[in-house]
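**Q** what's the 3D shape of this:
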Amino acid sequence: MSSQDHKLIELEIIALSHSVTQSQNYAVVLGETEGNRRLPIVIGGYEAQAIAVVLERMTPNRPLTHDLFKNALSLFGIEVKEILINNLLDGIFFSQLICEKEGEIIKIDSRTSDALALAVRFSCPIYTYEFIMDSAGVVLEDTDEDSQKPITKKEKPQKLFSNYSTEELNKMLSKVLEEENYEKAAHIRDELNKRK
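**A** Numbering: from 1, shown residues only. Have a look, this model is predicted:
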């Protein structure tokens, strides 16, 4: 591979939605910070929830596994500096956590979904290589405002919530947060935010 293939591309999370191809899974869509290519990655529901909780600024009653891992790393003085999606084999993305402890750089192999859940917790940049964008990236052609929204939501649940009063929605929000159903909580919060 040429050095151009190993050029680093910075990415950001631009959408999180149900996977069109696999109903039990979600797709996290990463976009180039300087460009119009998108990198869709299929992830599991648990990891999607772990990412959504941070993006929606929710506070779980108990720490999720990724919160626990972040707290443990921080306690031992290890900071995740960046995420590198470093390989793609047979449709599976491979990643590394690039960490720093007392000036020393440590690389830890990770599933990409876990790496992204930690990236949002450490507020660190996400990178990949040009060769990965070449093989798995897609070019976004329509640039209307809707495609630039940070998180993609399904419209169906919001229509249901529009039938409830604000007081009912607030009670429902408390209940689903107690049940740790963060996806439903996100939809309720969207409906409440629309009313402000």
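
**Q** for the rest of this, base every contact and every neighbour count on C-alpha atoms.
**A** OK.

**Q** helices along this structure, start to end?
**A** Per DSSP state H, the chain carries helices over the ranges 45-55, 65-75, 112-122, 130-136, 155-161, 166-178, 182-195.

**Q** return the most buried member of those helices.
**A** Greatest average neighbour count among the helices of the chain goes to helix 112-122 (a mean of 22), per mean count of other CA atoms under 10 Å.

**Q** the inter-axis angle of that one versus helix 45-55?
**A** 20 degrees (axes from the mean of the first three to the mean of the last three CA atoms, to 10 degrees).

**Q** which outside residues touch helix 112-122?
**A** Helix 112-122 has contacts (CA atoms under 8 Å, 6 or more residues apart in numbering) with 43-44, 47-48, 50-51, 54-55, 66-67, 70, 79-83, 85, 93-97, 125-126.

**Q** next one: it to chain centre, how far?
**A** Centre-to-centre, helix 112-122 and its host chain are 7 Å apart (CA atoms, centre = their mean, to the nearest Å).

**Q** how about the CA coordinates for that helix, as CSV?
**A** The C-alpha coordinates for helix 112-122 follow below in CSV (Å, rounded to 0.1, in the frame of the first residue of the first chain):
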residue,chain,number,x,y,z
THR,A,112,-15.1,-0.6,16.5
SER,A,113,-18.5,-0.3,18.2
ASP,A,114,-16.8,-0.3,21.7
ALA,A,115,-14.2,2.2,20.4
LEU,A,116,-16.9,4.6,19.2
ALA,A,117,-18.8,4.3,22.6
LEU,A,118,-15.5,5.3,24.3
ALA,A,119,-14.8,8.1,21.8
VAL,A,120,-18.0,9.9,22.8
ARG,A,121,-17.1,9.5,26.5
PHE,A,122,-13.6,10.8,26.2
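
**Q** quick one: low-confidence ranges for this protein?
**A** Within the chain, the segments meeting pLDDT under 70 span 1-3, 19-24, 140-161, 163.

**Q** ok, now which ones touch the most centrally placed residue in it?
**A** The centroid of the chain falls nearest to I51 when counting by CA atoms, centre = their mean (4.3 Å). For I51, the residues meeting the contact criterion (CA under 8 Å, 6+ apart) are L116, A117, V120.

**Q** look up the closest residue to K107, ignoring the ones flanking it.
**A** Leaving aside its sequence neighbours, K107 sits nearest to I98 (CA to CA, 6 or more residues apart in numbering; 4.8 Å).

**Q** and M133, by the same measure?
**A** Setting aside the residues directly before and after it, M133 is nearest to L39 in space (CA to CA, 6+ apart), at 6.9 Å.

**Q** what is the neighbour count of the one you found?
**A** 23 (other CA atoms under 10 Å).

**Q** mind listing what the residue nearest to K107 touches?
**A** V80, K81, E82, I83, L84, I105, I106, K107, I108.
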